[in-house]
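Student: take this sequence and fold it.
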Amino acid sequence: MTDIRAPQDAAEDESQLAFPEDGRNAVQASAAAATATADDGDGAGAGPAAGWGWFRWAWRQLTSMRTALVLLFLLALGSVPGSILPQQGQDPAAVQNYFNSHPALAPWLNHLGLFNTFAAPWFAAIYLLLFASLVGCVVPRTFRLAGQARMPPPRAPRNLGRLPHSESYAVALPPVQAVAAAAAILRGKRFRLRHPAADEAGGWVSAEKGYLREAGNLLFHLALLGVLVSVAIGGLFGYKADKLIVEGQTFSDTLTALDEFHPGRLVTGSDLAPFQLTLKQFSASYYTSGESRGQPSSFDARVSYSSSPGAPSRPYDIRINQPLNVDSVKVYLIGHGYAPEFTVTDAAGKVVYDEAPPFIPANTGTFLSDGVVKVPDAAPDQLGFIGVFVPTGVTAGGILDSAFPAPYNPAVSLLGYAGDLGLNSGLAQSVFQLDTSAMTKITSRPFLLQPGQSFTLPGGRGKITFTGYKQWASLAVTYDPGQVPALICGMLAIAGLLLSFLVRRRRVFVRAVPAAADGERSVVTVGGLARTDASGGFEDEFTELVAQLSSGEATPRSIIRAPRGAPDGKATTSGAQQPASHDSKTDPGA
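Tutor: Model prediction:
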């Protein structure tokens with residue numbers, strides 16, 4: 001029997017085999033060709049229509065996959081300066097040190113916003129363009145997927161021998177029963193079936209599975225869009241703050257108590273969590289031998305906190321990567337140092353100063369630290385001291401240095417000044433710097449003190465005593481409502497990628513034709529194709545499926561491959577076959 005269909009009929013069968021994505025690409029190509037033809041016309045589309053055409057072209061370019069990938073790359077590239085350079089929102093002191101170390105380069109970097117990368121206008125522009133690109137890509141795709149989810153498989157082609165995979169076998173059943181038996185097995189394997197309509201010739205069934213592949217692709221895009229939304233939520237409603245606290249001190253989560261405060265766009269001071277925290281004790285351990293000598297082995301900030309005014313106090317140990325969580329606000333331990341304790345008395349023996357000012361490490365390996373002491377209540381002149389603290393003091397060539405970060409031999413070197421500290425000038429001053437413009441030096445050279453030692457100031461100004469030391473901890477107070485949604489969306493994105501990579505979209509068609517004039521025997525032809533089969537797994541799946549379809553009939557059986565391009569019904573078989581059960585295993589990867 002020869003296939004004498006018209007060429008357009010054969011083309012119609014080929015078009016039915018195309019997956020929805022292939023058909024959409026063809027339609028898009030036809031539309032683009034039509035648009036190009038219209039643009040080559042007599043210019044009747046000039047004016048508003050031409051402007052709308054440019055807008056449509058720009059929107060298509062923005063929502064294309066290539067543009068999204070370019071924007072994603074630019075976003076990753078733009079994040080590099082935020083990881084390499086110090087940022088104003090995280091460490092303002094490090095930014096100032098960078099300006100001091102690179103006076104020529106730093107102003108240019110600051111002009112480009114590289115010291116505040118994630119709040120720079122150019123970074124926001126990339127972010128918003130990527131967001132618009134994903135929205136323009138995902139939203140239409142969602143509607144298309146919803147339509148495809150309800151779409152039945154196409155009708156079975158008339159000649160299954162033209163498909164990439166096809167096999168035939170003979171059964172001792174009429175065509176209608178043979179197709180029904182095959183449909184039962186395919187349904188058990190979670191294929192979506194399509195049977196002939198009432199006005200169509202019977203003897204065939206179409207089956208399709210693998211819809212989760214497109215769902216996984218859509219899930220990935222939606223999850224990526226969710227990550228961007230989560231980051232935006234964190235930027236709008238979250239905040240970051242820093243607080244340096246010495247052992248024994250207490251602070252409340254208020255604007256006036258925080259050292260640095262970086263709120264989101266929609267955050268005010270009233271949005272801060274009303275908790276209170278006290279640093280009871282800070283301890284650090286260091287390696288004492290080997291290549292890691294002097295490196296920290298553990299940090300432990302023992303605190304007590306109350307979640308709100310009047311609430312009971314609770315203890316907690318803040319460690320690295322073990323923050324305190326209070327009302328969704330996390331308190332991280334990000335740094336530590338030493339705060340030497342000083343007592344200053346005037347000539348009459350009255351105590352005018354008794355505090356432990358924090359000294360900032362100038363060498364994080366040995367914790368040699370710099371700091372100042374300001375005594376505004378001293379008389380007759382205000383006093384100020386510039387000092388260096390060493391936890392393990394050693395002298396090399398007349399220079400004081402620290403040999404180890406632990407406090408084995410603490411000492412402090414001070415240089416005294418007298419005069420006006422400038423605290424009443426109305427200008428803000430750093431607690432870590434001493435303005436000596438209105439002061440005079442009262443000691444010709446620095447003097448060294450160890451715990452318990454005192455130094456008598458010249459001119460009857462009293463004395464200063466180094467009574468000991470405390471430790472301080474630097475805490476980061478953060479609230480990011482988009483952190484958990486971003487994590488969930490990231491996990492969903494990975495799940496979507498796995499679905500799109502592991503699930504294959506495939507179709508199987510079954511046709512049965514009479515093998516004898518009495519119609520009691522049939523030749524069943526099975527054809528199959530997959531949209532993507534880079535790993536080559538569909539051929540084995542198809543062979544196994546045909547074996548299960550044919551094994552539904554009692555032996556002896558004969559499976560024969562239909563010649564490529566040969567019409568259905570030409571297959572021969574040796575041996576009649578009996579109906580058998582249609583039991584099959586469930587395919588969880590549908």
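
Student: list the contacts of Thr250.
Tutor: Thr250 is in contact with 276-279, counting by CB atoms under 8 Å, 6 or more residues apart in numbering. C-beta coordinates here come from the backbone N, C-alpha and C atoms, glycine included.

Student: again, 7 Å this time
Tutor: 276-278 (CB atoms under 7 Å, 6 or more residues apart in numbering).

Student: how about CSV for those, with distance to Leu145 and pLDDT added?
Tutor: Shown next, in CSV, are the contacts of Thr250 (distance: CB to CB, whole Å; pLDDT from 0 to 100):
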residue, distance to Leu145, pLDDT
Gln276, 51, 94
Leu277, 50, 96
Thr278, 55, 96
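
Student: name the nearest of the residues you listed relative to Asn159.
Tutor: Distances from Asn159 to these, taken as CB to CB, are shortest for Leu277 (78.4 Å).

Student: the closest one touches Tyr305, doesn't it?
Tutor: Yes: in terms of CB atoms under 7 Å, Leu277 counts as a neighbour of Tyr305; the distance is 4.5 Å.

Student: more neighbours: those two, which one.
Tutor: Using other CB atoms under 10 Å as the criterion, Leu277 and Tyr305 rank with Leu277 on top: 25 against 19.

Student: so the more buried one bridges to which residues?
Tutor: Beta-bridge partners of Leu277, counted by DSSP bridges, are Phe251, Tyr305.

Student: pretty sure Glu208 is touching Pro153, no?
Tutor: Yes: using CB under 7 Å, Glu208 makes contact with Pro153 at a distance of 4.0 Å.

Student: identify the contacts common to these two.
Tutor: Common neighbours of Glu208 and Pro153 (CB under 7 Å, 6+ apart) are 192, 507.

Student: of these two, which one has the most company?
Tutor: Glu208 (21 against 18).

Student: now do the contacts for the more buried one.
Tutor: So Glu208 contacts 153, 191-192, 507 (CB under 7 Å, 6+ apart).

Student: repeat for Ala486
Tutor: Contacts of Ala486 (CB under 7 Å, 6+ apart): 227, 230-231.

Student: try it again with 6 Å
Tutor: With contact set as CB atoms under 6 Å, 6 or more residues apart in numbering, Ala486 has these partners: 227, 230.

Student: that one in helix, strand or coil?
Tutor: Classification of Ala486 by DSSP: H, G, I helix; E, B strand; the rest coil places it in helix.

Student: what about it, distance to Leu266?
Tutor: According to CB to CB, to the nearest Å, Ala486 and Leu266 sit 18 Å apart.

Student: before we move on, what about Phe73?
Tutor: 30 Å.

Student: same question for Ser79.
Tutor: 23 Å.

Student: same deal with Ala104?
Tutor: 38 Å.

Student: between these two, which one's more packed in?
Tutor: Leu266 (11 against 6).

Student: name the nearest residue to that one, sequence neighbours excluded.
Tutor: Leu236 (4.8 Å; CB to CB, 6 or more residues apart in numbering).

Student: tell me how many other residues surround the one you found.
Tutor: Leu236, neighbours per other CB under 10 Å, totals 14.

Student: residues contacting it?
Tutor: Per CB under 6 Å, 6+ apart, neighbours of Leu236: 264-266.

Student: repeat that with 10 Å
Tutor: Residues near Leu236 by CB atoms under 10 Å, 6 or more residues apart in numbering: 263-267, 481-482.

Student: which SSE is it in?
Tutor: In the assignment (DSSP states H and E), Leu236 maps to helix 211-237.

Student: which parts of that helix are buried?
Tutor: Across helix 211-237, burial judged by 16 or more other CB atoms under 10 Å covers 211-235, 237.
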